[in-house]
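Asker: quick one, what's the 3D model for this:
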Amino acid sequence: MGAALTGSEAFSKRKLAELEAQVVAADIPETSPKTGLDLVVAWSIVGTFIIFASAVIYMMEAILMPVTLAIVIGMVLGLAADRLAQFGLPPALGGLLLAVIFVVGLFFLINALIEPLTSLAGQAPGILERAIERVLPYIQRFEWAKVAIAGTDEKP
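Answerer: Model (predicted):
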């Protein structure tokens, strides 16, 4: 292992490395420089993908929202279950305990929010009327807004 290479062995290894570098260089085809149109095409493909991906996510909203929430809650409760297991609590019992705590907490949260939300829903028409009364004078300053508002008063 500790023997040094002789002169001819070192030369042959160096020559072999040079030949391998030439073969690698020969395998790489020369490409023409990118034009502005090539870049536009590449970015339009990326933009099209982003638009389609956004549309898919929007259409799958009813599925993705609960799944995402379940993943986040599972990650948080998983960490808590690991901590409980470190204290010697069996994993099944720790999972059950955390599930019960989560459901009870969710119940109390919904119970605490139900009254203010129903009150807000009952006041919504009045809030909307007051908002329109406050904003309408500012909108009527603009000529195009007057035309748009006047067009809504027409009855067929």
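Asker: C-alpha only now, for contacts and for neighbours.
Answerer: Noted.
Asker: residue ranges with poor pLDDT in the protein?
Answerer: 1-7, 10-11, 23-31, 144-156 (pLDDT under 70).
Asker: domain map for it?
Answerer: Domain ranges of the chain: 34-89, 94-156, per automatic domain parsing.
Asker: include distance to Glu18 and mean neighbour count when you put those into CSV, please.
Answerer: Formatted as CSV, the domains of the chain follow (distance: least, C-alpha to C-alpha, whole Å; neighbours: other C-alpha atoms under 10 Å):
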stretch, distance to Glu18, mean neighbour count
domain 34-89, 30, 12
domain 94-156, 63, 11
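Asker: JSON lines for the ones you listed, including distance to Leu16?
Answerer: Formatted as JSON lines, those follow (distance: least, C-alpha to C-alpha, whole Å):
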{"stretch": "domain 34-89", "distance to Leu16": "35"}
{"stretch": "domain 94-156", "distance to Leu16": "63"}
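Asker: which strands and helices sit next to whatever helix or strand Ala62 lives in?
Answerer: Assigning secondary structure by DSSP states H and E places Ala62 in helix 61-86. Applying 3 or more C-alpha pairs under 8 Å, 6 or more residues apart in numbering; DSSP states H and E, one finds that helix 61-86 contacts helix 91-139.
Asker: what about Gly88, which SS state?
Answerer: coil (DSSP: H, G, I helix; E, B strand; the rest coil).
Asker: just the C-alphas of the helix or strand harbouring Phe52, formatted as CSV.
Answerer: For Phe52, the element it lies in under DSSP H and E is helix 36-59. Below are the C-alpha coordinates for helix 36-59, written out as CSV (Å, rounded to 0.1, in the frame of the first residue of the first chain):
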residue,chain,number,x,y,z
GLY,A,36,-35.3,35.5,-25.9
LEU,A,37,-38.0,33.3,-27.4
ASP,A,38,-36.6,30.2,-25.7
LEU,A,39,-36.7,32.0,-22.3
VAL,A,40,-40.3,33.2,-23.0
VAL,A,41,-41.3,29.6,-23.8
ALA,A,42,-39.7,28.2,-20.7
TRP,A,43,-41.3,30.8,-18.4
SER,A,44,-44.7,30.4,-20.1
ILE,A,45,-44.5,26.7,-19.4
VAL,A,46,-43.7,27.4,-15.8
GLY,A,47,-46.6,30.0,-15.6
THR,A,48,-49.0,27.5,-17.2
PHE,A,49,-48.1,24.9,-14.6
ILE,A,50,-48.6,27.3,-11.8
ILE,A,51,-52.0,28.3,-13.1
PHE,A,52,-53.1,24.7,-13.5
ALA,A,53,-51.7,23.7,-10.1
SER,A,54,-53.6,26.7,-8.5
ALA,A,55,-56.8,25.6,-10.3
VAL,A,56,-56.4,22.0,-9.0
ILE,A,57,-55.8,23.2,-5.5
TYR,A,58,-58.8,25.5,-5.7
MET,A,59,-61.1,22.7,-7.0
